[in-house]
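Undergrad: quick one, structure for this:
(chains A and B)
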Number of protein chains: 2
Amino acid sequence: MSIVTIIGAGMMGSAMSVPALDNGHTVRLCGTPLDTEIIDGLKSGGFHKTLKRTLSGNISFFYHEEIKDALRGADIVVCGVSSFGVEWFADEILPLLSPDIPVLSITKGLKTLEDGTLIPFPVYLKSRRPDVSFNAVGGPCISFELCDRIHTEVAFCGFEMQTLRSLRSAFETGYYHLTLTTDIAGIETAVALKNAYAMAVSLAIGLYSGQDNAEPEKYNAQAGLFYEAVKEMGGIVKLIKGNEQSLFFGAGDLYVTVFGGRTRRLGTLLGAGLDMEQSLKILKGVTLESVAIIKVVYEYLARKGAEKDYPLMCHIYERITSDKISEIPWEKFATEY
Amino acid sequence: MSIVTIIGAGMMGSAMSVPALDNGHTVRLCGTPLDTEIIDGLKSGGFHKTLKRTLSGNISFFYHEEIKDALRGADIVVCGVSSFGVEWFADEILPLLSPDIPVLSITKGLKTLEDGTLIPFPVYLKSRRPDVSFNAVGGPCISFELCDRIHTEVAFCGFEMQTLRSLRSAFETGYYHLTLTTDIAGIETAVALKNAYAMAVSLAIGLYSGQDNAEPEKYNAQAGLFYEAVKEMGGIVKLIKGNEQSLFFGAGDLYVTVFGGRTRRLGTLLGAGLDMEQSLKILKGVTLESVAIIKVVYEYLARKGAEKDYPLMCHIYERITSDKISEIPWEKFATEY
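TA: Sure, this is the predicted structure:
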């Protein structure tokens, strides 16, 4: 049995403890500087305040100041931070890692290099520590449901299939089903994009159901945007030379993301006719990965002069960056082929 | 302005009258032998008993015995029958058509030829009347919502782009958005498959929410099946040499089909642990296009020896053809690439 150290005690990072514990591993869950309250709660009884579940079994909890203790003798490190924590992880944690311990990251997002290239986080982390094996999880997974051992199907991507297989044997359970792939660019792009496009599909919720989702939803409009979303995601996955199967994980992830959470909420508010400022006021303070990824991807497309092939991305970029409440450009989604 | 004759007064056929009327055309809605009650209601006040909407404007209604009157002088014929009505349409209506009048079909399904080839309905109809232009509608569209002029994005597919453009100008409105394509095989396969796979995704609803959908739904499991569904649909669209963009219409159509209707209901019942006989008893008498398409597609794959690459299709085929209540084969969805 192995020691699995999870760094970042947010919902998804913490949820990763469940399959690891079920496989008999020793789990150490270590907070970031933002997780102090969560670790407080965990240390006094194992209750996770945002997951709203008690984590129990062979698990121990660490404050970020105790990170070296958490890492000592670890066999696998899980990077459990959100995209906003990647620089912190790169600066603070990477120097502490030993080269023979694989890292599995749950972070979804893409990073733009100075020359405009778009790279996934594992590639970025690798550029900072070329001697460490970086891998990542992508695909449809709500953290609550993983905790509750609901059947979940995701992909582990990484540079070496052999390492991926050892990670699979550490995490695979009767409810956590793992596809392995070396298509890091495809998986990471597809699952980052789903945050952007889940906001886009949710515009149709606000359009017909109002900002409080009070009226019955209209599914033709959502499905029309879902079609355009998958089409545009497919185009971008091709641009970065990703595999089509990775796009399908993105489609599954898009499906699950539209059902709830902050991204759906933002799309609903904008779709109901609020502008970005009004919407953010209502969402007060929540960090929105969807907004970050829309900017990164739109700017990448614009730099390539390809944005006109992505009318839905252009629309959501406009909605989040200006106070103009423009209509969904349905007519631009209709093509000939 | 043109005369549009719709043959088949079911929900989707009848809903097609709305964009045609909004474009100022004269619409004639003609029932099949199964539609007599619907036409009774329409003739006395325009109320459609299954659509639960009143059709009004420049529209007139015909019993199937009046079909020649309905077709006289028509500029466009809409084939509005379900897949179970295609042979009736081929036998009874095709001989009445004039060669210069295009046909637009809303029928979703595939037909197996004696040599095992799988062909879409427009190709089949063309084999019976090579001098007529056959075209078809595919993509996410709930008939009620089209009637209510909700934004809808679908594809018109056909053999000649020129004819498709003329059909587009007859039907396109501010809410009915049309992509045109000559990829008949891709569109028709993708949208037929969505009936099969919407049943498959719905298994996860029954599994966790019970046969009455009474418990909260679990989205990880649905999204895992959605991923596998789109992956398998993509494989089949490739097998029949369809275009990837057509698959995306199928993905949008899958999204909308999981939200409601008989196909979702069947999947929920089977997923809750009922067998096919028990499920059909509860669904009493409803015709299930999903069941027909699962059989056609499974047999096509088996004949090619390719069924092992389609574990979800194999599973739903087993569920509808045997009384064995087997579990969803999650482990078979996990691959390496």
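
Undergrad: please count neighbours and contacts with C-alpha atoms only from this point.
TA: Fine.

Undergrad: strands of the stretch 151-300 of chain A, residue ranges please.
TA: Secondary structure of the stretch 151-300 of chain A, counting by DSSP state E, counting those that start in this stretch: strands at A:152-158, A:176-181.

Undergrad: how about the shortest one against chain B, any contact?
TA: Yes - under the criterion of CA under 8 Å from any CA of the partner chain, strand A:176-181 makes contact with chain B via A:177, A:178, A:179, A:180, A:181.

Undergrad: number of residues surrounding the residue in the stretch 1-150 of chain A that chain B sits nearest to?
TA: Closest contact between the stretch 1-150 of chain A and chain B, by CA to the nearest CA, is at residue A:141 (5.4 Å). Residue A:141: 25 surrounding residues under other CA atoms under 10 Å in any protein chain shown.

Undergrad: surely it and residue A:152 touch.
TA: Yes - here residue A:141 reaches residue A:152: they are 6.4 Å apart, a contact under CA atoms under 8 Å.

Undergrad: give me the common contacts of the two.
TA: residue B:220 (CA atoms under 8 Å, 6 or more residues apart in numbering or on different chains).

Undergrad: list the contacts for the residue lying closest to the residue of the stretch 1-150 of chain A closest to chain B once chain neighbours are set aside?
TA: In space, and not counting its chain neighbours, residue A:141 is closest to residue B:220: 5.4 Å by CA to CA, 6 or more residues apart in numbering or on different chains. Each residue near residue B:220 by CA under 8 Å, 6+ apart is listed here: A:140, A:141, A:142, A:145, A:146, A:150, A:151, A:152, A:153, A:256.

Undergrad: from residue A:154, how far out is residue B:220?
TA: 9 Å (CA to CA, to the nearest Å).

Undergrad: so what sits against both of those two?
TA: In terms of CA under 8 Å, 6+ apart, residue B:220 and residue A:154 are both contacted by the residues A:140, A:141.

Undergrad: per-residue pLDDT, the residue nearest to residue A:176 when sequence neighbours are not counted?
TA: Nearest residue to residue A:176 in three dimensions, chain neighbours excluded: residue A:152, at 5.1 Å (CA to CA, 6+ apart). For residue A:152, the model assigns a pLDDT of 98.

Undergrad: just residue A:288 next, same as before
TA: pLDDT, read off for residue A:288, is 85.

Undergrad: and it, backbone torsions?
TA: When quoted as degrees, to the nearest 10, the phi and psi of residue A:288 stand at phi -120, psi 100.

Undergrad: next one: it from residue B:136, what distance?
TA: For residue A:288, the distance to residue B:136 equals 41 Å [CA to CA].

Undergrad: what of residue A:278?
TA: For residue A:278, the distance to residue B:136 - CA to CA - is 43 Å.

Undergrad: can you check residue A:323 too?
TA: As judged by CA to CA, residue A:323 and residue B:136 stand 41 Å apart.

Undergrad: also residue A:178?
TA: 39 Å.

Undergrad: neighbour-wise, which of the two wins?
TA: More crowded of residue A:178 and residue B:136, by other CA under 10 Å: residue A:178, with 29 against 24.

Undergrad: show me the contacts for that one.
TA: Residue A:178 is in contact with A:153, A:154, A:155, A:156, A:168, A:172, B:334, B:335, counting by CA under 8 Å, 6+ apart.

Undergrad: again, but for residue A:315
TA: A:326, A:328, A:329.

Undergrad: which positions in the stretch 151-300 of chain A make contact with chain B?
TA: Within the stretch 151-300 of chain A, the positions adjacent to chain B are A:151-154, A:177-183, A:218-228, A:230-231, A:245, A:248-249, A:251-253, A:255-256, A:259 by CA under 8 Å from any CA.

Undergrad: again with the stretch 1-150 of chain A
TA: Taking CA under 8 Å from any CA as the contact definition, the stretch 1-150 of chain A meets chain B at A:140, A:141, A:142, A:145, A:146, A:150.

Undergrad: just checking, which of those belong to helices?
TA: Of the residues of the stretch 1-150 of chain A next to chain B, the ones assigned to helices by DSSP state H are A:145, A:146.

Undergrad: most surrounded residue in the residues of the stretch 1-150 of chain A next to chain B?
TA: The most crowded member of the residues of the stretch 1-150 of chain A next to chain B is residue A:140, carrying 29 neighbours; neighbours defined as other CA under 10 Å.

Undergrad: just the buried ones among the contacts of residue A:315, please.
TA: residue A:328 (16 or more other CA atoms under 10 Å in any protein chain shown).

Undergrad: if anything else comes up later, I'll come back, but that's it for now.
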